[in-house]
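[1] Got a sequence here, can you model it:
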Amino acid sequence: MGIIGDDAVIADAEAVSGTMLVGASECAAVYDAIVAAGIFGANEAAIAAAANLDRTHVARCIAALSAAGRVRELCRPPAVIAADAADDLLARTAERLRERHTERPWHMGLTSFALAQAHSVPEAALVRVLTALVGRGQLAYRGGYYCTPGFSPRLTAEQQQFFELAFAADAGAPAGPLLLRELRTRIKSSAVPELRQAFETLVASGALAQVGEFVYPGAQIAAIRTQLESAIEQRGGISVAQFRTLTGTSRKYAVPLLEYFDATGVTLRDGDLRVLRSGALPGGP
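    Residues are numbered from 1 along each chain as shown. Model (predicted):
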């Protein structure tokens with residue numbers, strides 16, 4: 001159905017047209033172009049061409065429609081999507097996620113690829129809308145997976161016991177992680193269902209941390225990070241040798257750990273030293 005005759009759109013436009021210097025018919029034409037773009041969204045140039053309007057008028061119409069809650073902004077690259085299209089996608093995504101949370105509560109959720117397949121839409125277009133929904137707090141995104149806000153994955157008792165036993169031999173060691181390949185071998189040979197997916201969830205949630213070829217309990221990484229941050233704050237920087245002494249471990253473990261903290265935004269290499277990266281939150285994720 002055409003949007004030109006949509007009384008709601010015209011009313012929205014008229015409510016702001018006095019201050020935005022745009023007409024109801026112009027806003028309706030702009031909205032029509034945005035709706036036609038679907039989840040791909042449309043930028044000002046494309047909308048101007050479709051609505052046969054000057055880009056200045058298009059910008060004013062978009063501002064008016066946004067103020068009325070009829071459109072939403074997308075990023076990278078900038079574009080606008082109809083709020084109804086975004087809300088429809090949110091409803092379908094949330095329903096699919098709730099199904100996954102119920103069926104497999106040990107999963108973090110679903111990847112953008114899996115959701116794109118479920119919705120039969122291009123992944124790149126879907127990600128831009130999902131990113132906007134995450135920004136509005138309507139979805140959550142952790143470790144490469146989308147989930148409903150507030151969802152916390154739960155392993156089965158068997159899965160939980162497997163990982164507790166796997167790391168039990170290293171309990172109390174300051175930096176004695178499991179080799180990733182050895183853990184994967186244990187997972188592959190175990191009869192416990194879906195251990196690989198449970199492992200991915202533990203890594204994505206921070207319960208486990210993959211550091212190079214090693215796997216650490218998340219609590220152990222958090223403790224090491226606290227030591228590292230405290231030492232750097234006191235000294236202004238820390239070398240590999242000093243970090244080895246601090247953690248009581250060897251270079252085999254120390255170097256991958258420092259590279260991990262570099263990669264996760266905690267530290268920054270400055271010559272032979274590591275310093276705290278500007279803006280890093282002490283003890284943060």
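
[2] residues touching Phe214, list them.
    Pro177, Leu178, Leu179, Leu180, Tyr253, Pro256 (CB atoms under 8 Å, 6 or more residues apart in numbering). Bear in mind the C-beta positions are built from the backbone N, C-alpha and C, glycine included.

[3] For the stretch 101-250 of the chain, which segments are assigned as helices?
    Taking DSSP state H, counting those that start in this stretch, the helices of the stretch 101-250 of the chain run over residues 112-119, 123-135, 157-168, 180-189, 195-205, 218-235, 240-247.

[4] Among these, single out whichever gets nearest to Asp84.
    Nearest to Asp84 among the helices of the stretch 101-250 of the chain is helix 123-135 (12.4 Å), distances taken as CB to CB.

[5] Return the list of helices and strands in contact with the closest one.
    strand 71-74, strand 79-82, helix 83-103, helix 112-119, strand 140-142 (3 or more CB pairs under 8 Å, 6 or more residues apart in numbering; DSSP states H and E).

[6] Val58: neighbour count?
    28 (other CB atoms under 10 Å).

[7] Now stretch 29-45: buried residues?
    Going by neighbour count (16 or more other CB atoms under 10 Å), the buried part of stretch 29-45 is 29-35, 37, 39-44.

[8] before we move on, what about stretch 143-163?
    Tyr145, Tyr146, Cys147, Thr148, Phe151, Pro153, Leu155, Thr156, Gln159, Phe162, Phe163.

[9] Let me see the mean pLDDT of that stretch.
    Averaging pLDDT along stretch 143-163 yields 94.

[10] Now do the end-to-end distance for it.
    Terminal residues of stretch 143-163 are spaced 19 Å apart (CA to CA, to the nearest Å).

[11] Quick one: distance of that stretch to the chain centre.
    16 Å (CA atoms, centre = their mean, to the nearest Å).
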